[in-house]
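**Student:** mind looking at a prediction? Sequence and model below.
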Amino acid sequence: MKLTFVSNYINHHQIPVSSALYGKLGAAYHFIQTMQMEKERQDMGWSVEYDSLPWLKCWYEEPEICKELVRDSDVVVFGGVEDESYIQERLALGTPVIRYSERLYREGQWKAISPRGLVRKYKDHTRYRGKGVYLLCSGAYVASDFHIVRAYPEKMFKWGYFTELKTYEIERLLAEKPGADGGVVEILFAGRFLPLKHPEYALLLARALKAEGIAFHLTMAGGGELEESLRKQAVRDGLTDAVTFTGYQSPKQVRDLMERADIFLMTSNYLEGWGAVLNEAMNSGCAVVADAAIGAVPFLLRHEKNGMVYRDGDADEFLHYGLQLAKEAHLRRHLGRNAYDTIVSLWNPAYAAESLLAFAEGIVHKKLVINQEGPLSRAGILAPGQGYAYTRRCGE
């Protein structure tokens, strides 16, 4: 099996799966990067040491080699690139292509009425509905968007981002968290301070905790356009002794913070296509409070089983669950343990790579291998607004 990924650029959230595939396929696996990473993301610690990745090729440095890889691979996985020319030859020949995508209509499915947009979607996607092209959905609402344009019927499967898997003695990790034995509850927000991330929710929770006399500490890891207003909010609410702003942290530093955190806050809205910090927080045994609108949430979380999920943008419900977790150490431990198990058993790079390779082999041999749950299981048509109820159902 010769397998090639094509995407705009490699980042630290994609490296683990590629490394796992390289471990299985060796020189028969490559990841092709088509552009250089934006400076903003490099400044956030997302830069990659290219020389350390033997499977990485850059189209802008070795175009002929990359064209050959795309042409000659048994299966090409294509995503994150607007320019269809990279895979046009394969599509024309009918050789297998697996697309992966976040949402088409993140800002609202009403945008599907655009005639120009529909023509583009037909050209890029719908006309291949009966061909050997499959879709990996990097988010729970992706399948609904593609369903609107009648693309990939019965050919859409769960996918996502698969961050580095860390294994722990989970009971020891949970026991060492600051609030485990009645100590100060450590709460973490990690991400860019942008309107779509709603970092102000974290300070709303801090204010509510202070009003109830609950001992806590909130770490705000990140930066962005809202930082000044957030700092002023913390001062105005008398929270400076209980809130620490760390600035941007490297991926390793964020994981270190997660290992110490009792509670992780995931407060983004529907503009968050996936949200890889959720994988990392769950892997770190955190009790998570998350908005149902986030792409990763319906795939990864089951309410009150491995996390707490609140209705899209509902600040009151968010505060209710945040306060509940701050007060109930046994519930935090229950959710943290189950969150860790979810990542270790299903949503991790090794399992994703194994599942993708089996799926690709199945395409080549015309007998699909579909998982019952997790990556490469079928992605149901889950419309925006339905994720809240979905996380409350036990089954699929």
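**Tutor:** Happy to help now that I have it.
**Student:** which of the helices or strands spans the residue lying farthest from the centre of the chain?
**Tutor:** Centroid-distance maximum for the chain: Gly213 at 34.4 Å, with Cα atoms, centre = their mean. Counting by DSSP states H and E, there is no helix or strand that carries Gly213.
**Student:** measure it to Pro298 for me?
**Tutor:** Using Cβ to Cβ, to the nearest Å, Gly213 is found at 35 Å from Pro298. To be clear about C-beta, it is placed using only N, CA and C from the backbone, and glycine gets the same treatment.
**Student:** and for Arg392?
**Tutor:** 10 Å.
**Student:** which residues touch Asn8?
**Tutor:** Residues in contact with Asn8 (Cβ atoms under 8 Å, 6 or more residues apart in numbering) are Gln33, Thr34, Met35, Gly80, Val81.
**Student:** looking at Arg392 and Pro298, which one has more neighbours?
**Tutor:** Pro298 (25 against 13; other Cβ atoms under 10 Å).
**Student:** SS state for that one?
**Tutor:** Taken by DSSP: H, G, I helix; E, B strand; the rest coil, the conformation at Pro298 corresponds to helix.
**Student:** next one: Ser268
**Tutor:** coil.
**Student:** can you count the residues close to it?
**Tutor:** 28.
**Student:** again with Arg99
**Tutor:** Arg99, neighbours per other Cβ under 10 Å, totals 24.
**Student:** who does it bridge with?
**Tutor:** Phe78, Leu135 (DSSP bridges).
**Student:** let's have the chain start at 40 instead
**Tutor:** Renumbered: residue one is now 40, and that last one reads Arg138.
**Student:** surely it and Cys176 touch.
**Tutor:** No: checked against Cβ atoms under 8 Å, the pair Arg138 and Cys176 is beyond contact range at 9.7 Å.
**Student:** all helices of the stretch 240-389 of the chain, in order?
**Tutor:** 266-275, 290-299, 316-322, 336-339, 354-366, 368-384, 388-403 (DSSP state H, counting those that start in this stretch).
**Student:** turn the contacts of Asn47 into JSON lines, including distance to Ser323, pLDDT and secondary structure.
**Tutor:** Output for the contacts of Asn47, formatted as JSON lines (distance: Cβ to Cβ, whole Å; pLDDT from 0 to 100; DSSP: H, G, I helix; E, B strand; the rest coil):
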{"residue": "Gln72", "distance to Ser323": "29", "pLDDT": "95", "secondary structure": "strand"}
{"residue": "Thr73", "distance to Ser323": "32", "pLDDT": "94", "secondary structure": "coil"}
{"residue": "Met74", "distance to Ser323": "31", "pLDDT": "89", "secondary structure": "coil"}
{"residue": "Gly119", "distance to Ser323": "26", "pLDDT": "82", "secondary structure": "coil"}
{"residue": "Val120", "distance to Ser323": "32", "pLDDT": "87", "secondary structure": "coil"}
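**Student:** as CSV, those with distance to Asp330 would be great.
**Tutor:** Shown next, in CSV, are the contacts of Asn47 (distance: Cβ to Cβ, whole Å):
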residue, distance to Asp330
Gln72, 31
Thr73, 32
Met74, 30
Gly119, 24
Val120, 28
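**Student:** a markdown table for the residues you listed, including neighbour count?
**Tutor:** Output for the contacts of Asn47, formatted as a markdown table (neighbours: other Cβ atoms under 10 Å):
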| residue | neighbour count |
| --- | --- |
| Gln72 | 26 |
| Thr73 | 18 |
| Met74 | 14 |
| Gly119 | 19 |
| Val120 | 18 |
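**Student:** closest to Leu317 out of these?
**Tutor:** For the contacts of Asn47, the residue nearest Leu317 by Cβ to Cβ is Gly119; the value is 19.3 Å.
**Student:** how deep is the residue nearest to the closest one when sequence neighbours are not counted tucked in, by neighbour count?
**Tutor:** Leaving aside its sequence neighbours, Gly119 sits nearest to Ser46 (Cβ to Cβ, 6 or more residues apart in numbering; 4.0 Å). Neighbour count of Ser46, defined by other Cβ under 10 Å: 20.
**Student:** same check on Gly147?
**Tutor:** 9.
**Student:** how deep is Ala190 tucked in, by neighbour count?
**Tutor:** Burial measure for Ala190: 23 neighbouring residues, criterion other Cβ under 10 Å.
**Student:** now do the contacts for the closest residue to it other than its chain neighbours.
**Tutor:** Distance criterion Cβ to Cβ, 6+ apart; nearest residue to Ala190, sequence neighbours excluded, is His164 at 4.0 Å. Contacts here follow Cβ under 8 Å, 6+ apart; on that basis His164 touches Arg138, Phe185, Val188, Ala190, Tyr191.
**Student:** please repeat the previous calculation with a cut-off of 10 Å.
**Tutor:** Arg138, Ser140, Leu143, Val172, Leu174, Phe185, Val188, Arg189, Ala190, Tyr191 (Cβ atoms under 10 Å, 6 or more residues apart in numbering).
**Student:** measure it to Gly222 for me?
**Tutor:** 52 Å.
**Student:** likewise for Glu367?
**Tutor:** Glu367 is 14 Å from Gly222, by Cβ to Cβ.
**Student:** do Gly199 as well
**Tutor:** Taking Cβ to Cβ, one finds Gly199 at 34 Å from Gly222.
**Student:** neighbour count for the two, which is higher?
**Tutor:** Gly199 (29 against 13).
**Student:** are there residues contacting both of Arg431 and Pro337? Which ones?
**Tutor:** By Cβ under 10 Å, 6+ apart, the residues touching both Arg431 and Pro337 are Ala331, Val348.
**Student:** going along the chain, name the strands of this structure.
**Tutor:** All strands of the chain, identified by DSSP state E, fall at 42-46, 68-72, 95-97, 114-117, 136-140, 172-176, 195-197, 224-229, 255-260, 282-286, 302-305, 326-330, 347-349.
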